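Peer 1: Structure, please.
(chains A and B)
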Amino acid sequence: MSISLKKHPMPEQDPKVRAGNFEEVALGYTAELATAEAARCLQCKAAPCRQGCPVEIDIPAFIAQLKEGDPAGAIRTIQQVNSLPAVCGRVCPQEDQCEKYCVLAKKGEAVAIGRLERYAADLAREQGGEDPVSVVREDAPKVAVIGSGPAGLSVAGDLAKKGFRVTVFEALHLPGGVLMYGIPQFRLPKEVVQAEIDVLRKLGVQFEVNAVIGRTFTVDELLEEEGFDAAFIGTGAGLPYFMGIEGENLNGVYSANEFLTRCNLMKAYQFPTSGTPIHVGEKVAVVGGGNVAMDAARTALRLGAEKVYIVYRRSDKELPARLEEIHHAKEEGIDFQFLTAPLAVEGKDGWVSGLTCIRMELGEPDDSGRRRPVEVPGSDFTLDVDTVIIAIGQGPNPLVQSTTKGMETNRKGNIVADEQTGATTKPGVFAGGDIVTGAATVILAMGAGKKAAVAIADYLNEKTKK
Amino acid sequence: MYEILVKKELAPSVKLFEVAAPQIARKAQAGQFVILRVDAEGERVPLTIADFNRETGSITIIFQEVGASTKLLGQLEVGDALHDFVGPLGQPTHVENFGTVVCVGGGIGIAPVYPIARAMKEAGNKVISIIGARSKDILIYEEEMASVSDELIITTDDGTKGRKALVTEPLKELLDGSAPVNLVVAIGPVIMMKFVAETTRPYGVHTVASLNPIMVDGTGMCGGCRVAVGKENKFACVDGPEFDAHLVDFDNLMARQRMYKRQEKDHSDHCEGGSCKCQSH
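Peer 2: All right, here's what the predicted structure looks like:
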């Protein structure tokens, strides 16, 4: 039997329909599709796919279980190392990780590892399945995890599985971090995130919401007064960058963080049933080319904008967003303005009335290895928009660093931490994810959390021996 | 949960709550704020801390019922609980012995000026307070302010209590007087803070205003509370809420506060029309 060189396509909502709702775009594999896709896996001994997975899932094993009709076994295999399989199956950039190394990818398309992971996780969730049993010991050392995004959840899950007592502190009113406030419902339903967090609760992880570390408690207080033996900082990249151009404080200019938080976490699309309003004009410009920009643009469309532009200063080849997200955005009718950079936000009566931009061309490569965009003189023009969303990246939020004694940060404000262990310069304090590396992906943050969990366990075992 | 321990009506539509929040009360300092949500669908409402009691573990908040959220908040009674209550947020007021400090509070802004005036008094300052309201019925915290001030000046727009004047009038007289004024702290409507800043500017007296822009998370994550201060953009939630009033772009702040006026109006029309679903859960 010859193996198909193509992945089984993902069933999706029709672009015209989905552009008007917040339901998930990708509908997930059926049992037939999953079994057929699993059968494409060659079960190679070398399993190169595994080297591309930051949390080292035993990929061939779980795919074999799916092929044999044992989805419960498959999810057990995944959950041994991954606390957020339904999340990862949806938002990991598999094309740059596991799937990139798949042997099939050399001749055709890789096995759809991400889609299969999602299938196994969704099935386990829908069928209820066995609840995980907590092995947390009452006398075990206590670990404070600061921030409940992917890095923090990963650390918490791994340490709870090792029997440690873990409390996760979250500044907002719901745990999940960027998974809750940042990634839209149509790409990652919040019920899915909540369900995976509930699994962590069953594993014995405690969650304390409305706790702003650096304000309600400092890290030093957690360690010295609240009885924690170690701390992990996974506060992410929670400080939006603005461009510093004229008119950026006009009404109708949002950071992507605010726009997405209002919509995802605060459910502004249900206003006034929910209490938080949002302003979406008729014509929206989103500045930036990453996944966050795609998310903001597609959210604006779903909130009723008639025209949504993506304004990106490089060409389509340099877009940092995932291919799938770019593809989805184009299908839904987002208008990409490549090689275009904003110069000023125009205003009328205090509100946005346009975005003046200039066309760019690509010059020599810069530090990032990408060709540097250079202005084309005299090419400026004004986009007729009434809302501007800035999605040009986020930096480290300084709240924890500035209130923690003896912990080194770098010039950009990121925490200095050992790449292998997450150890910071402060004994007993570890860090990982975007707060260390700068804005990256969910799975990289989870990978960092995973390494830190090993190092924290070693540290605590060593400490209790003494 | 964050139980309401005390409820008082200070003036029509101005209410005081003492809320059980021991972790916040332990750390709260003058000048900081909290963010609350009334219920699971509620918006995140920032309110300046009007007082804190470390022994009872409670935080006092004072609010005026203006929008849907504060109206809903006002309907809660003693024994009810807030869904979320987070803090203390923002930078505390910088308190030291400056000499003579004039504390200016306007309307509901008198409440958050009170712990600052008290802290300034405790630090050894001579505290002169000017509190103002539209009318005597809505003048709050008169006794409290009197108890921590060496001198208390009251103004009302309609002359029903104290002087018929704006707060800037006695402020200007103090600045013109023989005794030096070392610091002015102003909290109140943005337009009042703007005119306080304009009043003190020619005298070069350092003036601090506590800003209350629209805000979501309160931790520097959303950037919605950005205010132009001098040549820079600052986030009121983490860099403030207090800033050098002579550097603040108050006109931009006023414009930004009106961002959701239309939605709020639609919402309130929709509620008053009797078809409201938003408060039934």
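Peer 1: which residues of the stretch 151-300 of chain A fall in helices?
Peer 2: Using DSSP state H, counting those that start in this stretch, the helices of the stretch 151-300 of chain A run over A:178-181, A:190-202, A:219-224, A:256-260, A:291-302.
Peer 1: in the helix or strand that the last one is followed by, what's buried?
Peer 2: Right, helix A:291-302. Following helix A:291-302 in sequence order, the next helix or strand is strand A:307-311 (DSSP states H and E). Buried residues in strand A:307-311, counted by 16 or more other Cβ atoms under 10 Å in any protein chain shown: A:307-311. Backbone N, C-alpha and C define where each C-beta goes, glycine included.
Peer 1: want to throw those residues into CSV with distance to chain B and pLDDT?
Peer 2: CSV is the format used below for these (distance: Cβ to the nearest Cβ, whole Å; pLDDT from 0 to 100):
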residue, distance to chain B, pLDDT
A:307, 21, 97
A:308, 20, 98
A:309, 21, 98
A:310, 20, 98
A:311, 18, 98
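Peer 1: Export these as JSON lines, with columns for distance to residue A:145.
Peer 2: Formatted as JSON lines, the buried residues of strand A:307-311 follow (distance: Cβ to Cβ, whole Å):
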{"residue": "A:307", "distance to residue A:145": "43"}
{"residue": "A:308", "distance to residue A:145": "37"}
{"residue": "A:309", "distance to residue A:145": "39"}
{"residue": "A:310", "distance to residue A:145": "35"}
{"residue": "A:311", "distance to residue A:145": "37"}
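Peer 1: Out of these, which comes closest to residue B:76?
Peer 2: Ranked by distance to residue B:76 (Cβ to Cβ), those are led by residue A:308 at 40.1 Å.
Peer 1: Which one, of the helices of the stretch 151-300 of chain A, ends up nearest to chain B?
Peer 2: Comparison of these against chain B by Cβ to the nearest Cβ identifies helix A:256-260 as nearest, at 3.7 Å.
Peer 1: Any residue of that closest one touching chain B?
Peer 2: Yes. Judged by Cβ under 8 Å from any Cβ of the partner chain, helix A:256-260 comes into contact with chain B at A:257-258.
Peer 1: follow-up on the earlier one: need the helices of the stretch 151-300 of chain A in TSV with mean pLDDT and mean neighbour count, can you?
Peer 2: Below are the helices of the stretch 151-300 of chain A laid out as TSV (pLDDT from 0 to 100; neighbours: other Cβ atoms under 10 Å in any protein chain shown):
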stretch	mean pLDDT	mean neighbour count
helix A:178-181	94	26
helix A:190-202	94	18
helix A:219-224	96	19
helix A:256-260	96	27
helix A:291-302	96	27
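Peer 1: Identify whichever of the ones you listed lies nearest to residue A:146.
Peer 2: Across the helices of the stretch 151-300 of chain A, closest to residue A:146 is helix A:219-224 (Cβ to Cβ), at 7.1 Å.
Peer 1: residues making contact with that closest one?
Peer 2: Helix A:219-224 is contacted from outside by A:144, A:146, A:213, A:228-231, A:233, A:400, A:403-405, A:407, A:426, A:428-429, using Cβ atoms under 8 Å, 6 or more residues apart in numbering or on different chains.
Peer 1: Quick one: name the residues of the stretch 101-250 of chain B near chain A.
Peer 2: B:216-224, B:226-228, B:233, B:238, B:249.
Peer 1: rerun at 7 Å
Peer 2: For the stretch 101-250 of chain B, the contact set with chain A under Cβ under 7 Å from any Cβ of the partner chain comprises B:216-217, B:219-224, B:226, B:228, B:233, B:238.
Peer 1: now, which of the residues you listed lie within strands?
Peer 2: B:226, B:228, B:233 (DSSP state E).
Peer 1: Just give me the neighbour total for the closest residue to the last one other than its chain neighbours.
Peer 2: With Cβ to Cβ, 6 or more residues apart in numbering or on different chains as the measure, residue B:226 is the residue that lies nearest to residue B:233, at 4.9 Å, once sequence neighbours are left out. By the other Cβ atoms under 10 Å in any protein chain shown criterion, the neighbourhood of residue B:226 contains 25 residues.
Peer 1: same thing with residue A:448?
Peer 2: Residues lying near residue A:448 (other Cβ under 10 Å) number 31.
Peer 1: Is it located within a strand, as I assumed?
Peer 2: No. Read with DSSP: H, G, I helix; E, B strand; the rest coil, residue A:448 is helix and lies in no strand.
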